[in-house]
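> Got a predicted structure here, sequence first:
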Amino acid sequence: MPGRRLWIVMLAVASTLALVPSVAQAATTLGAAAGQSGRYFGAAVAAFRLGDPQYSTILDREFSMVTPENEMKWDATEPSRNNFTFGSADQIVSHARSHGQRMRGHTLVWHSQLPGWVSGIGDANTLHSVMNNHINGVMSHYRGQIFAWDVVNEAFADGSGGGLRSSIWTQRFGFTTGWIEEAFRTARAADPAAKLCYNDYNIEDWTAAKTQGVFRMVQDFRSRGVPIDCVGFQSHFGSGGAPSNFQTTLSNFAGLGVDVQLTELDIAQAPPTSYTNTVQACVNVPRCAGITTWGVRDSDSWRSGENPLLFSGGNPKPAYGAVLSVLNAAGGGGDGSPVQVGVLYQLVAQHSGKLADINGGSTAPGAQLIQWSANGGLNQQFDFLDSGGGFFRIRARSSGLVLQVASSSSGADITQQPDSNAASQQWRVVDQGGGFVSLINRQSGLAMDVWSASTADGAHISQFTVTGNANQRFQLQRA
Ligand code: XIL
């Protein structure tokens with residue numbers, strides 16, 4: 001029956017096309033809107049609120065990154081010496097994993113929310129080993145699962161001095177940045193896949209002495225190869241929002257070769273214009289990787305009575321719409337595409353949280369694309385080359401070779417091959433919302449797919465009939 005066969009073909013084509021949104025379509029959630037330009041939009045999350053359906057509905061619909069508000073701090077994770085407790089932090093991590101959200105780790109070395117047994121240590125040598133043991137204990141528990149760690153939080157003093165604050169750390173180790181350097185070196189070894197951030201508040205104004213002090217430290221660290229990847233600007237603002245030179249601050253830090261992130265954003269009374277200007281400062285800086293608000297609803301905020309967040313009860317506030325339109329206007333590759341050429345990405349499979357990976361780090365043509373746990377390898381990083389017409393080649397950083405499907409059949413392998421710009425090497429990046437995309441091969445019309453939705457290291461990534469399932473959805477995470 002030839003008529004019936006034609007009908008099936010038409011159905012298959014129609015179901016593929018239905019996944020391709022029109023170019024001008026605006027994203028309708030914060031995570032999806034930020035995802036168009038490779039950024040994330042996150043929230044601080046409290047474990048005890050996860051059971052509140054109004055809270056978790058907003059969280060899971062809108063946010064693509066999660067920071068535990070208190071659950072990864074020292075008093076929660078090592079309440080007595082070498083006794084590590086991860087119950088409530090694990091709850092947040094597993095919630096995030098099952099909703100395709102990435103994690104920021106907050107925070108390892110801080111003077112606040114520090115248990116008494118640590119602040120009571122009088123001897124510098126003991127404190128060095130206690131600090132390193134804490135970093136190792138917490139980071140190894142979450143190894144491979146954290147996008148970025150706030151390794152050191154709030155080490156600098158307010159005011160005109162531009163130096164470190166007085167705390168247990170400086171009182172025992174001195175007013176130089178050696179102990180901060182030590183914390184970052186320990187952290188790199190503990191989880192090589194995590195980005196390592198310095199995080200602080202009141203460093204958004206470029207002219208502030210505190211900002212200059214942090215800048216000099218990051219400049220020094222970068223020049224000496226101390227492993228630091230990012231600077232977090234907490235961004236707790238009064239009703240006027242960010243200082244007018246915030247973008248200058250962000251781009252000057254980015255010029256040191258680090259990513260910048262807005263890590264704890266909240267603005268008193270949440271005026272839409274203040275949110276617009278603040279988010280615009282990030283969007284204007286290519287290395288501004290994402291934004292996190294410090295809570296979901298006003299009722300969740302640590303700044304009680306100031307109503308500084310984007311939701312009130314179950315509803316978005318006026319500032320929400322303002323933020324969404326700034327993120328949507330930032331767009332993607334300039335043509336409505338969710339990828340940017342010239343940016344290195346990791347491709348995170350939604351169902352497993354694992355990364356697309358060239359098997360064994362091979363540089364030879366024919367090596368297979370698989371999924372593997374994040375390990376910081378260059379064979380887990382890819383950039384996109386524009387083939388025109390909305391199609392891209394996907395190039396492995398480790399080899400310079402591009403991903404190609406072996407044939408047009410469902411189930412065919414994906415391997416790396418020399419770039420010939422053949423149709424079998426071209427992929428359409430289809431926005432699936434929530435910060436996820438699917439990748440559709442030009443020649444076959446089939447989707448990149450983790451075989452059998454396996455969550456195991458080593459599972460093949462091949463092409464398969466388009467289903468739109470989570471094993472065909474990938475988050476493009478800036479490497
Ligand atoms: C705050 C939390 O929001 C509160 O629940 C807690 O009682 C105190 O800490 N800078 C930071 C965050 O880095 O960890 C702080 O979070 C807010 C200021």
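Sure, I can see it. Residues are numbered from 1 along each chain as shown.
> which SSE is the closest residue to the ligand within the chain in?
Of the chain, the residue with the smallest distance to the ligand, taken as C-beta to the nearest ligand atom, is Trp302 at 3.4 Å. Placement of C-beta: from N, CA and C, glycine included. In this structure, Trp302 sits in neither a helix nor a strand according to DSSP states H and E.
> State the phi and psi torsions of it.
phi -70, psi -20 (degrees, to the nearest 10).
> who are the neighbours in contact with it?
Under the criterion of C-beta atoms under 8 Å, 6 or more residues apart in numbering, the contact list for Trp302 reads Glu69, Trp294, Gly295.
> Swap in 7 Å and give it another go.
Listed by C-beta atoms under 7 Å, 6 or more residues apart in numbering, the contact partners of Trp302 are Trp294.
> And the pLDDT at it?
We note a pLDDT of 98 for Trp302 in this prediction.
> Give me the distance between Gly377 and Thr293.
Separation of Gly377 from Thr293 (C-beta to C-beta, to the nearest Å): 32 Å.
> for the ligand, what are the nearby residues on this structure?
Glu69, Asn70, Asn153, Gln234, Glu264, Trp302 (C-beta under 6 Å from any ligand atom).
> repeat that for 8 Å
On the criterion C-beta under 8 Å from any ligand atom, the ligand has as its neighbours in the chain the residues 44, 46, 69-70, 73, 106-107, 110, 112-113, 150, 153-154, 199, 201, 234, 236, 263-264, 294-295, 301-302.
> so of these, which ones are in helices?
With helices defined by DSSP state H, no entry of the residues of the chain next to the ligand lies inside them.
> Which ones among the residues you listed map onto strands?
Ala44, His106, Thr107, Asp150, Asn153, Asn199, His236, Thr263, Glu264 (DSSP state E).
> Could you report the neighbour count for the third one?
If I follow you right, that is Thr107. The burial metric for Thr107, expressed as a neighbour count using other C-beta atoms under 10 Å, is 24.
> Pretty sure Arg104 sits in a helix.
No: the assignment for Arg104 by DSSP: H, G, I helix; E, B strand; the rest coil gives strand, which leaves it out of any helix.
> Hmm, it is touching Ser64, no?
No: counting by C-beta atoms under 7 Å, Ser64 is not a contact partner of Arg104; they are 11.3 Å apart.
> and this protein, what are its domains?
Per automatic domain parsing, the domain ranges recorded for the chain read 30-330, 337-478.
> Span of the longest one from start to end?
Terminal residues of domain 30-330 are spaced 12 Å apart (C-alpha to C-alpha, to the nearest Å).
> And that domain, how far out from the chain middle?
Average the C-alpha atoms of domain 30-330, do the same for its chain, and the two points are 12 Å apart (C-alpha atoms, centre = their mean, to the nearest Å).
> phi, psi of Lys195?
Taking degrees, to the nearest 10 as the convention, Lys195 sits at phi -70, psi 140.
> would you list every one of the helices in this structure?
According to DSSP H, the helices that the chain contains are 2-17, 30-35, 53-62, 74-77, 87-98, 116-119, 124-141, 168-173, 178-190, 209-223, 246-254, 272-283, 318-330.
> Can you say which of the ones you listed is packed in most?
Ranked by mean neighbour count under mean count of other C-beta atoms under 10 Å, those are led by helix 30-35, which reaches a mean of 27.
> Quick one: list the elements packing against that helix.
Helix 30-35 is packed against strand 40-45, helix 318-330, with contacts defined by 3 or more C-beta pairs under 7 Å, 6 or more residues apart in numbering; DSSP states H and E.
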